[in-house]
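A.B. asks: build the 3D model from these lines:
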Amino acid sequence: MKKEVLITTPYVTLGQLLKMEDVIASGGQAKWFLREKTVYVNDEPENRRGKKLYDGDVVRVPEVGLFFIKAK
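C.D. replies: I've put the predicted structure just below:
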């Protein structure tokens with residue numbers, strides 16, 4: 001699944017993105033999810049839920065999808 005994620009703020013955190021896209025059920029699950037699963041930001045493994053994502057970043061969550069960050 002490929003999806004464009006529109007943001008209205010200068011950035012969103014990786015934890016916020018996972019919650020916004022229903023990859024996780026609550027924000028509290030972000031830490032656990034990122035510890036158990038490998039998530040890639042711009043093809044680099046990332047496990048920090050506070051990682052800031054800006055316009056143009058690409059997030060790949062294996063078995064879930066590909067998310068393109070786009071500023072509104």
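A.B. asks: and stretch 15-26, what's buried?
C.D. replies: The neighbour-count check on stretch 15-26 (16 or more other C-beta atoms under 10 Å) flags 15, 16, 17, 18, 19, 21, 23, 24 as buried. Heads up, the C-betas are built off the backbone N, CA and C, glycines and all.
A.B. asks: what pLDDT does the residue nearest to residue 47 when sequence neighbours are not counted get?
C.D. replies: In this structure, residue 47 finds its nearest non-sequential neighbour in residue 34, 4.6 Å apart by C-beta to C-beta, 6 or more residues apart in numbering. You'll see residue 34 listed with a pLDDT of 96.
A.B. asks: mind listing the helices for the chain?
C.D. replies: With helices called from DSSP state H, the chain shows them at 14-20, 30-36.
A.B. asks: picking up where we left off before, burial of the residue nearest to residue 47, as a residue count?
C.D. replies: As a burial measure, residue 34 scores 20 neighbours (other C-beta atoms under 10 Å).
A.B. asks: list the residues that contact it.
C.D. replies: With contacts taken as C-beta atoms under 8 Å, 6 or more residues apart in numbering, residue 34 has the following neighbours: 14, 15, 18, 46, 47, 48, 49.
A.B. asks: residue 24 is in contact with the third one, correct?
C.D. replies: Read that as residue 18. Yes. With contacts counted by C-beta atoms under 8 Å, residue 18 reaches residue 24, the gap being 4.8 Å.
A.B. asks: name the residues contacting each of those two.
C.D. replies: Counting by C-beta under 8 Å, 6+ apart, the common neighbours of residue 18 and residue 24 are 30, 33.
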